[in-house]
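what's the 3D shape of this:
(chains A and B)
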Amino acid sequence: MLEVRYRTARALPLGRAEARPSGVAIRPADAEARFVLRVRSAEGEVAGLPLDRPINTVSGDDRRWIARLGPDEWLIGAPESEADLVANSVASDLGTRAHSLVDVSHRNVGIDVEGLRAAELLNAGCPLDLGETAFPAGRATRTLLGKAEIVLIRRAGPGARYRVECWRSFATYVHGFLKEAAFGIGEG
Amino acid sequence: MLLIACPHCGNRPETEFRCGGQAHIARPEAPSAQSDEAWAEYLFVRKNPRGVHAERWCHVHGCGRWFNALRDTVSDRFIEIYPMGAQPISELQSEARA
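Modelled structure (predicted):
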């Protein structure tokens, strides 16, 4: 019986027609500007985005956001057209405070995962507790998806809208992993 | 799955962490004044207790921070998590076993 089950879960080289739609949309995000900011003290704000929010939270809106990944590390996202603007205003907001701002726009790839059962899909490869209390809207953290490191952001607002940020070289793996996980969910 | 309490992120799965080996190993002040035996001891000789062990851990796929932890190597239970540079409050005694 086990063989039969494995056969039905097999991935075909050309993919398969989605017979049981999972209801979760997996969309590669458009090109975006992203920066990694390292600064020792979490005070004030940069480019209109607050630094002093708790670790593992995201603030701002969908267009321009800042995720605090550690005590002194932030990931900033913005539309591609505002890349220079954000970089300049971060530098001027921090003034003489020692900091490092690295443009990682081309290193990072974003994948939007949205839908009622998005958390279930992500849990196919992400060991975090993505329940409402442990990972509510506005949370963001670095974690793992399968074998790749990702930054998982849950957008503010109602519904389950996640952004998976991974490195460019892992992007096809991560995207394939999510697609594959969507097979397993179906309509349930 | 083993959960490890990162001081910044709270309980996180073990796969996000990397163990950095034994904690509290001080580099000798004057390495060139050391005898070969003492230097080899510093470089290579580590504890491998059956019981409580002080270790360095890094939340590498998370906040990226290092911290110290006391872990019982038999039960795999984390007894104490404390910052780098600090000393543990708990004693390095093995947990009572049935």
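
in terms of helices and strands, where is A:Glu120?
According to DSSP states H and E, A:Glu120 maps onto helix A:118-122.

what is that helix packed up against?
strand A:161-167, helix A:171-185 (3 or more C-beta pairs under 8 Å, 6 or more residues apart in numbering or on different chains; DSSP states H and E). Glycine gets a C-beta too; all of them are placed from N, C-alpha and C.

continuing past it, what's the next helix or strand?
strand A:140-145.

show me what that following strand pairs with in its sheet, parallel or antiparallel.
Counting by DSSP bridges, the strands paired with strand A:140-145 are strand A:148-154 (antiparallel).

report the distance from the strand it pairs with to the chain centre.
Computed by C-alpha atoms, centre = their mean, to the nearest Å, the chain-centroid distance of strand A:148-154 equals 4 Å.

how big is the angle separating it from helix A:171-185?
On the basis of axes from the mean of the first three to the mean of the last three C-alpha atoms, to 10 degrees, strand A:148-154 is oriented at 60 degrees to helix A:171-185.

what parts of chain B come near chain A?
By C-beta under 8 Å from any C-beta of the partner chain, the residues of chain B that approach chain A are B:1, B:8-9, B:12-13, B:15-16, B:61-65.

show me where chain B has strands.
Remark: strands assigned in chain B by DSSP state E are B:3-6, B:10-13, B:18-22, B:52-58, B:66-72, B:78-82.

and the fourth one with strand B:66-72, angle?
By that I understand strand B:52-58. Going by the same axes, to 10 degrees, strand B:52-58 makes 150 degrees with strand B:66-72.

close to chain B: what parts of chain A are there?
So far as C-beta under 8 Å from any C-beta goes, chain A lies against chain B at A:55-56, A:69-71, A:73, A:127-128, A:141-144, A:149.

pipe those into CSV and attach neighbour count, pLDDT and distance to B:Ile89 per row.
Listed next are the residues of chain A next to chain B as CSV, based on neighbours: other C-beta atoms under 10 Å in any protein chain shown; pLDDT from 0 to 100; distance: C-beta to C-beta, whole Å:
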residue, neighbour count, pLDDT, distance to B:Ile89
A:Ile55, 21, 95, 24
A:Asn56, 23, 95, 26
A:Leu69, 23, 96, 29
A:Gly70, 18, 94, 25
A:Pro71, 14, 94, 22
A:Glu73, 19, 96, 29
A:Pro127, 16, 93, 30
A:Leu128, 22, 94, 29
A:Thr141, 25, 96, 28
A:Arg142, 23, 96, 29
A:Thr143, 24, 96, 30
A:Leu144, 18, 96, 31
A:Glu149, 17, 96, 33
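
among these, which one lies nearest to A:Glu120?
Proximity of the residues of chain A next to chain B to A:Glu120 (C-beta to C-beta) peaks at A:Leu128, which lies at 12.6 Å.
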